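[1] kindly return the folded structure for what I paste below:
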Amino acid sequence: MAFSEVQDDDARSYAAAAAHLARRPDISAIYNIGGGNPGIVRALEESGRAGKVVFIGHDLTDDTRRYLLSGTMDAVIDQYPRVEAREALEQLARAVRGLPWTSHPLRTQIIVRENLPEEVI
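    Below you'll find the model as predicted:
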């Protein structure tokens with residue numbers, strides 16, 4: 001297992017993914033917790049391993065939608081940023097009014113090619 005801090009940067013993500021793929025021909029999956037997906041896709045494509053290495057990332061965007069459709073990315077964990085922002089603002093407003101914190105489960109959806117919405121959420 002290997003980890004790299006890429007600071008959500010495409011170039012750093014590319015360099016790290018390319019290095020890991022070159023050193024470890026047995027890598028079967030990549031999980032990217034942040035940004036930098038375009039760099040990882042580039043490394044997978046250049047190594048000839050796009051569609052062979054399972055690639056999971058976060059946030060449904062125009063880019064990740066394209067990667068899902070092409071088969072380069074296998075799944076996207078989408079957390080509905082608009083809902084998260086609305087919940088944060090609601091909690092801040094409650095705090096300003098002196099009301100207690102309320103807890104709501106975050107809505108998370110696993111998106112794969114087969115359940116891909118027609119539009120980016």
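
[2] please make it C-alpha for all contacts and neighbour counts, starting now.
    OK.

[3] distance check, V83 against D59.
    Distance check for V83 against D59: by CA to CA, to the nearest Å, it reads 13 Å.

[4] comparing those two, which shows the higher neighbour count?
    Neighbours per residue (other CA atoms under 10 Å) separate V83 from D59, with D59 holding more: 23 against 12.

[5] what's the separation between the more buried one and D10?
    If you measure D59 against D10 using CA to CA, the figure is 15 Å.

[6] longest helix in this structure, by number of residues?
    Of all the elements of type helix in the chain, the one with the most residues (DSSP state H) is helix 81-96.

[7] can you pull out the residues in contact with the least confident helix or strand in the chain by mean pLDDT?
    Counting by mean pLDDT, DSSP states H and E, the chain has its least confident helix or strand at helix 81-96, which shows a mean of 88. Surrounding helix 81-96, the residues in contact under the criterion CA atoms under 8 Å, 6 or more residues apart in numbering are 100-102, 106-107.

[8] same check on stretch 5-20?
    Taking contacts as CA under 8 Å, 6+ apart, the residues outside stretch 5-20 that touch it are 2, 4, 34-44, 47.

[9] circling back: secondary structure for the contacts of helix 81-96 - can I get that in CSV?
    Compiled in CSV, the contacts of helix 81-96 are given as follows (DSSP: H, G, I helix; E, B strand; the rest coil):
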residue, secondary structure
P100, coil
W101, coil
T102, coil
L106, coil
R107, coil
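
[10] can you map out the strands along the protein?
    Ranges of strands within the chain are 29-31, 54-58, 75-78, 109-111, based on DSSP state E.

[11] could you dump those strands into CSV with mean neighbour count and distance to A22 added?
    What follows is the strands of the chain, written out as CSV (neighbours: other CA atoms under 10 Å; distance: least, CA to CA, whole Å):
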stretch, mean neighbour count, distance to A22
strand 29-31, 16, 14
strand 54-58, 20, 16
strand 75-78, 20, 23
strand 109-111, 16, 29
